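[1] With the sequence up front, the predicted model follows.
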Amino acid sequence: MSDDGFLRVADVSKWYGDEQVLHDVSFEMDRGDVTVLIGPSGSGKSTMLRCVNRLAEAQEGSILLDGEEVLSPDLDVNDLRREVGMVFQGFNLFAHLTAVGNVALGPRRVLGLSEAAARERAEAQLERVGLGDQFDSYPAELSGGQQQRVGIARALAMEPKLLLFDEPTSALDPELIGEVLEVMHGLVDEGMTMLVVTHEMSFAREVADEIVFLDDGRVVERGPPDQLFERPERERTGRFLERIASHD
Amino acid sequence: MAAGWTVALAAVESAAAGAPPIGGAPAIIGDAADWEFVFRNADYLGVGVLLTVGLTVASILLGFVVGFPAGAVEVYGGGYLKRAVNAAGVVLRGTPIVVILIVMYFVVGVPQINLGVVSISSAVTAGILGLGLRSAAYQSQIFRASLASVDAGQLEAGRSIGLSRLEAVRYVVVPQALRRSIPGFQNEFTIVLKDTSIVFAIGLAELLTRGYDLFSERTTAVLEVILFISAIYFVLTFTTNRALDYLGDYYAIPEGESA
């Protein structure tokens, strides 16, 4: 690892009302790294992810992206999100727009590309996720796997320097998960920097540079997948992985 | 309605052919019917139609221009603005339209508006303001509901690609909300059209009031006048509703929810 400190999450804490959902969460990523957040539901991993692009607000701590403080009140969140893409569990495709329309909206309205240039870029990104034949389909006309691939293309079209995945396959029928993971594998091969929340342990094991295990809003353990999966240091990590494995 | 027309046409034909009286027939057909009286006064009623249509169009437009932002403020706004909009809506929806019109005309005292080619009398201005603002209060609720019905994930996804809140609402939420507003808007249009008749309270004679004037003059033609006027209202509401149906179908999201 080059240790360039591309993303440094330090002592991030967050409360919903009186309830603390994140306790001093810390981890680092380098450019081109894939970090996977795992943990039981309600452990705060999605919330942590959403703090990185400020869809959720952390009250304490620091998140440095490329040396810039993400949590600074002076930061323009729209500038931040231009550079940090997000893929949602429920796809959240714009229901009234075609696949091309979904992917082109950001380039058109945020980056200010012309209609034609935005469309061209959208088509290229849809080709990239294997949807070259679905340009003019509406979300409701696509399968879940296709919809999620449009979601990935939509994030990619902004040419982000970091991609966030919030349980991208959790809402999919089992037979549709593969096509989405395949696209994600491709992005890993291209060197995309990715922070992923997922329950797909085999995917995590294969592509992650580091796994961060969260429970109850705390980082219980983090490390390279081999170490974490084979020789977890904490008993809680072992128990969680056993439980997950028994469902695989 | 179709039966009414058939009867009406038959009556017109028999009158034109100088047909003999039909004894014991209802008053709307045969010699006793006074369709000739209705048609002789068609131009008088026609002016009423123009006023009805003009008031409706202007009021619906004013209602949209004011009501849509008001609905958006109720969903996305906060603080004093939201409270003020909400309070204005409650007052307007809770006040009888006759009272609103009388307040506009006699209390607010809106002036005559001169647009060069046409001048709009102060009564018409008051009518448009009264009907339009009340419609805004109702339309705001149509749009409030449809904006709020769009899944929160849509706005969030828009924000996630770097759109500002306003842009995300404009490009992502509003297009979906407008589609869902069409059925409610059809109702509102129909209600405003028929409620234009209440401008009689400020001395304006639109379609229904002119009809009333006519059958006051000749009480034997009450049914004919009422039927004729109803037919006009029906044609206006029916064609407009079909046009909005068409609009809804045209913009419907394929395979998705219909608008």
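    That came through, no problem.
[2] what about the helices in chain A?
    Here chain A has its helices, by DSSP state H, at A:45-52, A:77-83, A:99-105, A:115-128, A:144-156, A:174-189, A:201-207, A:225-230, A:235-247.
[3] Chain B: strands as residue ranges?
    For chain B, the strands defined by DSSP state E cover B:113-114, B:119-120.
[4] Within range of chain B, give me the residues from chain A.
    Residues of chain A lying near chain B by CB under 8 Å from any CB of the partner chain: A:53, A:55, A:77-79, A:81-82, A:85-86, A:88, A:90, A:92-96, A:105-106, A:109-110, A:138-141, A:154-155, A:158. Any C-beta I mention is one placed from the backbone N, CA and C, and that applies to glycine too.
[5] Put together CSV for the helices of chain A, with mean pLDDT, distance to residue B:47 and mean neighbour count on each row.
    Formatted as CSV, the helices of chain A follow (pLDDT from 0 to 100; distance: least, CB to CB, whole Å; neighbours: other CB atoms under 10 Å in any protein chain shown):
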stretch, mean pLDDT, distance to residue B:47, mean neighbour count
helix A:45-52, 97, 63, 23
helix A:77-83, 96, 55, 17
helix A:99-105, 98, 48, 26
helix A:115-128, 97, 48, 18
helix A:144-156, 97, 56, 26
helix A:174-189, 95, 65, 16
helix A:201-207, 93, 75, 17
helix A:225-230, 92, 83, 16
helix A:235-247, 84, 77, 13
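[6] out of the ones you listed, nearest to residue B:83?
    helix A:77-83 (27.2 Å; CB to CB).
[7] Residues in contact with the closest one: which ones?
    A:53-54, A:65, A:70, A:110-111, A:158, A:160-162, B:159-164 (CB atoms under 8 Å, 6 or more residues apart in numbering or on different chains).
[8] How about stretch A:14-28?
    If you take CB under 8 Å, 6+ apart as the criterion, stretch A:14-28 is touched by A:5, A:7-13, A:35, A:44, A:47-48, A:51, A:56-61, A:210, A:212, A:214, A:216-219, A:222.
[9] same question, stretch A:232-242
    Contacts of stretch A:232-242 (CB under 8 Å, 6+ apart): A:38, A:39, A:40, A:201, A:213, A:215, A:220, A:221, A:223, A:228, A:229.
[10] Sketch out the low-pLDDT regions of the stretch 151-259 of chain B for me.
    Within the stretch 151-259 of chain B, the stretches with pLDDT under 70 are B:256-259.
[11] Which residues of it lie near chain A?
    When proximity is defined as CB under 8 Å from any CB, the stretch 151-259 of chain B approaches chain A at B:151, B:153-154, B:156-164, B:167, B:171-172, B:175-176, B:179, B:253-257.
[12] What distance do you get for the residue located most distally from the centre of chain A to residue A:104?
    Among residues of chain A, the one most distant from the C-alpha centroid is residue A:116; the distance is 28.7 Å, by CA atoms, centre = their mean. Separation of residue A:116 from residue A:104 (CB to CB, to the nearest Å) stands at 10 Å.
[13] What about residue B:99, how many residues nearby?
    11 (other CB atoms under 10 Å in any protein chain shown).
[14] Relative to residue B:105, how far out is it?
    Separation of residue B:99 from residue B:105 (CB to CB) stands at 11 Å.
[15] swap in residue A:181?
    On the measure of CB to CB, residue A:181 and residue B:105 end up 69 Å apart.
[16] repeat for residue A:184
    Relative to residue B:105, residue A:184 is positioned 67 Å away (CB to CB).
[17] With adjacent residues omitted, what lies nearest to residue A:125?
    residue A:153 (4.0 Å; CB to CB, 6 or more residues apart in numbering or on different chains).
[18] and the gap between the one you found and residue A:123?
    Taking CB to CB, one finds residue A:153 at 10 Å from residue A:123.
[19] Ok, which of the strands of chain B comes nearest residue B:52?
    Across the strands of chain B, closest to residue B:52 is strand B:119-120 (CB to CB), at 15.2 Å.
[20] Neighbouring strands of the closest one in the sheet, and parallel or not?
    Using DSSP bridges, strand B:119-120 pairs in its sheet with strand B:113-114 (antiparallel).
[21] gap between the strand it pairs with and the chain center?
    Centroid separation for strand B:113-114 versus its chain: 23 Å, with CA atoms, centre = their mean, to the nearest Å.
[22] pLDDT on it, on average?
    Across strand B:113-114, the average pLDDT comes to 80.
[23] give the contact list for residue 112.
    Assuming you mean chain A. Contacts for residue A:112 (CB under 8 Å, 6+ apart) come out as none.
[24] Chain B, not that one
    Residues near residue B:112 by CB under 8 Å, 6+ apart: B:119, B:120, B:121, B:122, B:125.
[25] same question, residue B:136
    Contacts of residue B:136 by CB under 8 Å, 6+ apart are B:62, B:63, B:64, B:65, B:66, B:67, B:70, B:92.
[26] Buried only: go through the residues you listed for me.
    With burial judged by 16 or more other CB atoms under 10 Å in any protein chain shown, the buried subset of the contacts of residue B:136 is B:62, B:63, B:64, B:66, B:67, B:70, B:92.
[27] Which two of those residues have the greatest separation?
    Maximum distance among the buried ones among the contacts of residue B:136 (CB to CB): 15.0 Å, for B:64 and B:92.
[28] Please enumerate the helices of the stretch 51-200 of chain B.
    Counting by DSSP state H, counting those that start in this stretch, the segments of the stretch 51-200 of chain B that form helices are B:79-94, B:97-102, B:122-149, B:152-160, B:165-168, B:174-195.
[29] Just name the most buried of those.
    helix B:122-149 (a mean of 22; mean count of other CB atoms under 10 Å in any protein chain shown).
[30] dump the residue contacts of residue A:104.
    So residue A:104 contacts A:118, A:119, A:121, A:122, A:157 (CB under 8 Å, 6+ apart).
[31] from the residues you listed, which two are the most distant?
    Going by CB to CB, the pair spanning the contacts of residue A:104 furthest: A:119 and A:157, at 10.6 Å.
[32] Read off the pLDDT value for the residue nearest to residue B:109 when sequence neighbours are not counted.
    Nearest non-adjacent residue to residue B:109, counting by CB to CB, 6+ apart: residue B:122, 7.5 Å away. Reading off the confidence values, residue B:122 has pLDDT 89.
[33] Residue B:122 and residue B:113, how far apart?
    Here residue B:122 is placed at a distance of 8 Å from residue B:113 (CB to CB).
[34] what's the answer for residue B:56, then?
    18 Å.
[35] Give me the more crowded residue out of these two.
    Per other CB under 10 Å, whichever of residue B:56 and residue B:113 has more neighbours is residue B:56, with 24 against 13.
[36] give the contact list for the more buried one.
    The contact partners of residue B:56, taken as CB under 8 Å, 6+ apart, are B:189, B:192, B:193, B:196, B:236.
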